[in-house]
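Asks: dropping a prediction and its sequence here:
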Amino acid sequence: MVEQKHLINGKWMPSLDGETIDVVSPSDGIVFAKLARGKKGDIDLAVGAARKAVSSGSWAKLTAVDRGRLLSRLGQKVLDNFEELAALEAKDTGKPLMQAKADITAAARYFEYYGGAADKVHGDTIPFMDGYMVSILREPHGVTGHIIPWNYPAQMYGRSLAPALAMGNAVVLKPAEEACMTSIRMSELAMDVGFPEGAINIITGLGEEAGASLSEHPDINFLSFTGSPEVGTIVQTAAAKNHVGCVLELGGKSPQIIFEDADIESALPVVVNAIVQNGGQTCSAGSRLMLQKSVYDKYLELIADKFKELKVGSHEMDLNCGPLISTVQKERVEGFLDRANSDGIKVVAEGTIAKGVPEGGYYVKPTLFADVPRDNSLACDEVFGPVLSAIPFDDESDAVHLANATEYGLVTGVWTRDGARQIRMAKNVKAGQIYVNAYGAGGGIELPFGGVKKSGHGREKGFEALYEFCSTKTIVFKHD
Ligand code: NAD
């Protein structure tokens with residue numbers, strides 16, 4: 001069985017204490033690899049290697065052009081190994097192969113995009129008093145710590161690391177213990193294309209061990225975390241204790257707001273896909289279906305018809321949904337379904353689990369609930385499974401009120417043909433991204449992404465991410 005190691009200072013090594021963690025495929029529950037179980041000592045070594053890389057190592061000496069070239073080469077290398085990476089991502093996460101392929105394409109795009117951007121972030125000069133010149137430099141933070149989740153491991157690897165590396169930081173990554181095989185494989189590819197030792201370090205392990213040690217480490221200069229709001233609070237507290245900044249990408253309860261004048265035929269496949277993509281285990285899943293009362297019954301029936309056609313199977317069966325990531329996640333989602341049932345909430349449609357799915361996989365049927373009370377947990381809390389909750393609304397002002405009524409604010413979809421309403425809704429709904437007559441759960445490498453409220457703060461993707469991974473230095477020259 002494959003035993004994966006940590007990457008520290010350009011070398012692959014087991015944990016200091018030799019301990020490992022089993023890697024299970026969610027499609028059948030069978031262990032197919034082992035990960036090194038990193039702890040504080042392993043994190044210390046990785047942070048030390050990264051520190052050397054940014055202070056005296058060859059990484060520190062590279063120009064922005066050369067950093068960009070390395071990132072672009074890694075993007076190409078990911079595409080050269082596309083089929084292998086997609087198959088590995090599908091097996092590790094359980095997601096349908098088609099989804100895994102889209103994820104590997106996106107991972108490569110992050111390296112291409114930030115490879116091209118590395119030499120385009122520059123400082124500024126500021127008009128100041130007579131006899132002065134002021135320069136603004138953008139400098140890397142130094143060593144950045146990255147903690148990512150299991151739902152899109154390959155994409156998260158590119159999304160979190162590529163902008164940090166583009167700006168010249170050296171990175172230490174703690175990927176999720178549930179799924180991180182492609183993060184390891186892409187780091188091997190990074191070594192193949194010539195990233196200098198210490199620029200990229202990976203420590204695999206448990207959140208409360210390796211993750212906590214990384215976020216608390218006194219020699220980390222900035223933290224990037226994607227995951228649950230609960231752990232986000234722990235990471236942010238650790239960052240505050242060390243007086244360093246952090247970007248937090250947390251969960252969501254994103255609404256799809258469908259008005260009576262919407263082009264429902266265009267909306268239907270997008271709205272359904274936005275909740276079943278990746279089995280609903282997407283931070284930006286469109287999990288609240290807000291329908292205007294005048295069309296509620298009619299549109300709900302159309303969406304229910306689509307839900308009944310959904311099929312769930314193993315990653316290799318490549319259907320609409322794969323299994324959930326783990327027994328823990330399956331039990332969590334089933335808990336929501338059981339509570340909705342005991343609250344008397346009506347199921348209007350379910351998908352089916354395909355015949356012949358492997359025993360031991362973590363399969364759950366996609367479920368559409370109707371008339372969900374606005375204060376019910378299904379309407380307010382993140383399920384992180386293929387569960388869609390339909391809620392009626394009266395008019396535009398009620399729609400804004402309802403859209404903003406959860407603790408989250410990540411993404412919103414607005415479906416209407418009325419141009420003025422499109423603009424008003426986009427302005428009045430509180431979220432980091434608003435889609436109008438479209439929805440892009442997780443898509444768009446170029447588009448700044450992140451939340452407000454409990455969905456987090458700071459921005460990833462696009463040029464905004466580059467500004468997160470540097471700090472400005474103001475230099476004032478006096479001349480006569
Ligand atoms: P999680 O918070 O449990 O784990 C995320 C990462 O944090 C993992 O690598 C884990 O090992 C690590 N971790 C756990 N405990 C830690 C600790 N005490 N200290 C430091 N690190 C620790 O989240 P999850 O269950 O892996 O992912 C699901 C959640 O992530 C959902 O809430 C989802 O919405 C959110 N998510 C958000 C985005 C986004 O971009 N906003 C993307 C994906 C997932």
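Replies: Thanks, I have it.
Asks: for the rest of this, base every contact and every neighbour count on C-alpha atoms.
Replies: Fine.
Asks: now do the buried residues in stretch 248-261.
Replies: Neighbour counts over stretch 248-261 (16 or more other Cα atoms under 10 Å) mark 248-260 as buried.
Asks: quick one: end-to-end length of it, please.
Replies: The first and last residues of stretch 248-261 sit 36 Å apart, counting by Cα to Cα, to the nearest Å.
Asks: next one: it to chain centre, how far?
Replies: On the basis of Cα atoms, centre = their mean, to the nearest Å, stretch 248-261 is displaced by 16 Å from the centre of the chain it belongs to.
Asks: so is it next to the ligand?
Replies: Yes - using Cα under 6 Å from any ligand atom, a contact is recorded between stretch 248-261 and the ligand, made by 249, 250, 251, 252.
Asks: next: stretch 202-216.
Replies: Yes - Stretch 202-216 lies within reach of the ligand by Cα under 6 Å from any ligand atom, at 206, 207, 208, 211, 212, 215.
Asks: measure that stretch end to end?
Replies: Per Cα to Cα, the first residue of stretch 202-216 is 16 Å away from its last.
Asks: give the buried residues for it.
Replies: Judged by neighbour count using 16+ other Cα under 10 Å, the buried positions of stretch 202-216 are 202-207, 210-216.
Asks: export those residues to JSON lines and tack on pLDDT?
Replies: Supplementary listing: the buried residues of stretch 202-216 in JSON lines, determined by pLDDT from 0 to 100:
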{"residue": "202", "pLDDT": "98"}
{"residue": "203", "pLDDT": "98"}
{"residue": "204", "pLDDT": "98"}
{"residue": "205", "pLDDT": "98"}
{"residue": "206", "pLDDT": "98"}
{"residue": "207", "pLDDT": "98"}
{"residue": "210", "pLDDT": "98"}
{"residue": "211", "pLDDT": "98"}
{"residue": "212", "pLDDT": "98"}
{"residue": "213", "pLDDT": "98"}
{"residue": "214", "pLDDT": "98"}
{"residue": "215", "pLDDT": "98"}
{"residue": "216", "pLDDT": "98"}
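Asks: quick one: which of those sit in helices?
Replies: 212, 213, 214, 215, 216 (DSSP state H).
Asks: from memory the second one sits against residue 46, does it?
Replies: In this case it means residue 213. No - Residue 213 is not in contact with residue 46 according to Cα atoms under 8 Å; the separation is 11.2 Å.
Asks: what sits closest to residue 68 if chain neighbours are left out?
Replies: Take residue 68 and drop its neighbours on the chain: the residue closest to it by Cα to Cα, 6 or more residues apart in numbering is residue 115, 3.9 Å away.
Asks: quick one: contacts for that neighbour?
Replies: Each residue near residue 115 by Cα atoms under 8 Å, 6 or more residues apart in numbering is listed here: 67, 68, 69, 70, 71, 72, 162, 166.
Asks: as CSV, could you dump the C-alpha coordinates of the strand or helix carrying residue 70?
Replies: Assessed by DSSP states H and E, residue 70 sits inside helix 64-80. The C-alpha atoms that make up helix 64-80 are tabulated as CSV, following Å, rounded to 0.1, in the frame of the first residue of the first chain:
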residue,chain,number,x,y,z
ALA,A,64,8.9,37.7,-10.2
VAL,A,65,9.3,36.6,-13.8
ASP,A,66,11.0,33.4,-12.8
ARG,A,67,8.4,32.7,-10.1
GLY,A,68,5.7,33.2,-12.7
ARG,A,69,7.6,30.8,-15.1
LEU,A,70,7.7,28.1,-12.4
LEU,A,71,4.0,28.4,-11.7
SER,A,72,3.1,28.3,-15.4
ARG,A,73,5.3,25.2,-15.8
LEU,A,74,3.4,23.6,-12.9
GLY,A,75,0.1,24.4,-14.6
GLN,A,76,1.3,22.7,-17.8
LYS,A,77,2.6,19.7,-15.8
VAL,A,78,-0.8,19.3,-14.1
LEU,A,79,-2.4,19.2,-17.6
ASP,A,80,0.3,16.7,-18.8
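Asks: and the closest residue to the ligand within the stretch 1-150 of the chain, how far is that from residue 411?
Replies: Nearest residue of the stretch 1-150 of the chain to the ligand: residue 149, at 4.0 Å (Cα to the nearest ligand atom). Computed with Cα to Cα, the distance linking residue 149 and residue 411 is 19 Å.
Asks: among these two, which residue is more densely surrounded?
Replies: Higher neighbour count among residue 149 and residue 411: residue 411, with 30 against 20, using other Cα atoms under 10 Å.
Asks: thought the more buried one was touching residue 257?
Replies: No - with contact taken as Cα under 8 Å, residue 411 and residue 257 are classed as non-touching, separated by 11.3 Å.
Asks: next, give phi and psi for the closest residue to residue 140 other than its chain neighbours.
Replies: For residue 140, ignoring the flanking residues on the chain, the nearest one in space by Cα to Cα, 6+ apart is residue 470 at 4.3 Å. Here is the backbone geometry of residue 470 (degrees, to the nearest 10): phi -150, psi 160.
Asks: tell me what angle the helix ranked longest in the chain forms with helix 64-80.
Replies: Among the elements of the chain assigned as helix by DSSP H, the one spanning the most residues is helix 97-117. Using axes from the mean of the first three to the mean of the last three Cα atoms, to 10 degrees, the direction of helix 97-117 lies 160 degrees away from that of helix 64-80.
Asks: for the helix or strand just after helix 97-117, packing partners?
Replies: As assigned by DSSP H and E, the chain's next helix or strand after helix 97-117 is strand 124-126. Using 3 or more Cα pairs under 8 Å, 6 or more residues apart in numbering; DSSP states H and E as the contact criterion, the neighbours of strand 124-126 among helices and strands are strand 132-140.
Asks: flag every buried residue along the strand it packs on.
Replies: Neighbour-count burial for strand 132-140, counted by 16+ other Cα under 10 Å, picks out 134, 135, 136, 137, 138, 139, 140.
Asks: what residues does the stretch 1-150 of the chain put near the ligand?
Replies: By the criterion of Cα under 6 Å from any ligand atom, the positions of the stretch 1-150 of the chain lying close to the ligand are 147, 148, 149, 150.
Asks: and for the residue nearest to residue 175 when sequence neighbours are not counted, the neighbour number?
Replies: Spatial nearest neighbour of residue 175, excluding adjacent residues (Cα to Cα, 6+ apart): residue 148 at 5.1 Å. A count of nearby residues for residue 148, using other Cα under 10 Å, gives 25.
Asks: swap in residue 326?
Replies: Close neighbours of residue 326, defined as other Cα under 10 Å, add up to 20.
Asks: now swap in residue 230 and tell me
Replies: By the criterion of other Cα under 10 Å, residue 230 has 11 neighbours.
Asks: Three-state assignment for residue 431, please.
Replies: Remark: residue 431 carries the secondary structure label coil [criterion: DSSP: H, G, I helix; E, B strand; the rest coil].
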